[in-house]
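> Next input, structure requested:
(one chain, ligands or ions: 1)
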Amino acid sequence: MSGVHLAVEGAVKRYGRATALAGVDLIVHPGDRLGLVGESGSGKSTLGRLLLGLEHPEEGSVLVDGRELRSVLSTRSGRLGYRRRVQLVAQDTSSTFDPRHSVGDSIMVPARLLGGHDTAGARAAMEQVATELEIPLALLDRRPDQLSGGQRQRMAIARALVVRPELVVADEVVSALDVSVQGTVLNLLKRYCREHGAGLVFISHGLPATAFITERLVVLYHGVVAETGPTDQVLEHPQDPYTRSLVAAYAFSDADAV
Ligand SMILES: Nc1ncnc2c1ncn2[C@@H]1O[C@H](COP(=O)(O)OP(=O)(O)OP(=O)(O)O)[C@@H](O)[C@H]1O
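From the prediction side, this is the model:
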């Protein structure tokens, strides 16, 4: 796997009068496990959508392997290629799965469309990824409403990983889960990235989960990058006042939990 190199340069994104991103620079190297943290409204999800090419900046650019993402996505083959390489796992699994179909059927859609598998190949790819994610195969026949939140989240990860993406953008994927289930989901995601050399952009409010799974942190504050650096370094020696307050709150809630 060669890996995806993404560069965001001077990205500005506004929604009406709200400025979600006010000039953001960011590089995602192949195989990077990067955390995007910051308070609600700081622009994390917007930046994630820019990386996925679901939206484009009004100013500045997003480059994939040195090419403008917008132009890569302008052709059908470019879109399919990029969707195969870069996959989103969202928190809201209700939009990931069609309530009328089994989750297995939904997982086979990208396997066929993006992975190029026929039906038998898509089934084999699905069963392989389910096994990797420790999903009992019988659960694949269930509809989404017949699964627990944790099971559904794991299925959403399976749907993203079935095409063997080189980069996974995970937006608040564990925030709604019990702490015990969070650990399992984080471990499975981390294992995929390690075993396949895949990159990860992990968007989260939760510093403990982000610290566990990432190697580098980008702290967003009001649509700008307040601080960036190796995860351990940022958490142990935060330089920016906002990062300090974020880390202090984390240390406090950690002490609280003991
Ligand atoms: N589709 C949209 N329409 C209008 N405003 C939006 C839209 N998406 C984001 N915003 C605004 O842009 C700003 C950044 O939002 P964004 O969702 O990127 O932040 P976030 O850090 O991911 O927050 P959260 O953690 O709450 O998801 C906010 O002020 C938000 O209200």
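
> Show residues contacting stretch 55-71.
For stretch 55-71, the external contacting residues (Cβ atoms under 8 Å, 6 or more residues apart in numbering) are 4-14, 21, 23-24, 46, 49-51, 53, 72, 78, 82. Using the backbone N, CA and C atoms, a C-beta is placed for each residue, glycine as well.

> now this protein, which segments are flagged as low pLDDT?
1, 251-258 (pLDDT under 70).

> for the residue lying closest to Asp145 once chain neighbours are set aside, helix, strand, or coil?
Spatially, and ignoring its direct neighbours in sequence, Asp145 is nearest to Pro99 (6.2 Å; Cβ to Cβ, 6 or more residues apart in numbering). Under DSSP: H, G, I helix; E, B strand; the rest coil, Pro99 falls in the coil class.

> what about Pro99, distance to the ligand?
24 Å (Cβ to the nearest ligand atom, to the nearest Å).

> mind listing what that residue touches?
143-145.

> What segments of this structure are helices?
44-52, 69-72, 76-85, 103-113, 119-132, 149-161, 179-196, 207-213, 231-236, 241-257 (DSSP state H).

> Which one, of those helices, ends up nearest to the ligand?
helix 44-52 (3.3 Å; Cβ to the nearest ligand atom).

> Tell me how far Glu59 lies from Val247.
Computed as Cβ to Cβ, to the nearest Å, the Glu59 to Val247 distance reads 31 Å.

> quick one: which of the two has more around it?
The neighbour count for Glu59 versus Val247, taken as other Cβ atoms under 10 Å, is higher for Val247 (20 against 13).

> isn't the more buried one right up against Gln239?
No: Val247 is beyond contact range of Gln239, at 10.7 Å (criterion: Cβ atoms under 8 Å).

> re the thing from before, separate out the buried members of the contacts of stretch 55-71.
4-8, 11, 13, 21, 23-24, 46, 49-51, 53, 72, 78, 82 (16 or more other Cβ atoms under 10 Å).

> filter those down to the ones near the ligand?
Among the buried ones among the contacts of stretch 55-71, proximity to the ligand is found for Thr46 (Cβ under 6 Å from any ligand atom).

> which residues does the nearest residue to Ala160 once chain neighbours are set aside contact?
Excluding the flanking residues, the one nearest Ala160 by Cβ to Cβ, 6+ apart is Gln87, at 3.9 Å. Residues in contact with Gln87 (Cβ under 8 Å, 6+ apart) are 110, 160-161, 163, 165, 167-169.

> who does Gln87 bridge with?
Counting by DSSP bridges, Gln87 forms beta bridges with Val168.

> quick one: it and the ligand, what's the gap?
Distance from Gln87 to the ligand, counting by Cβ to the nearest ligand atom: 18 Å.

> and Val224, what are its bridge partners?
Bridge pairing for Val224 - DSSP bridges - gives Tyr221.
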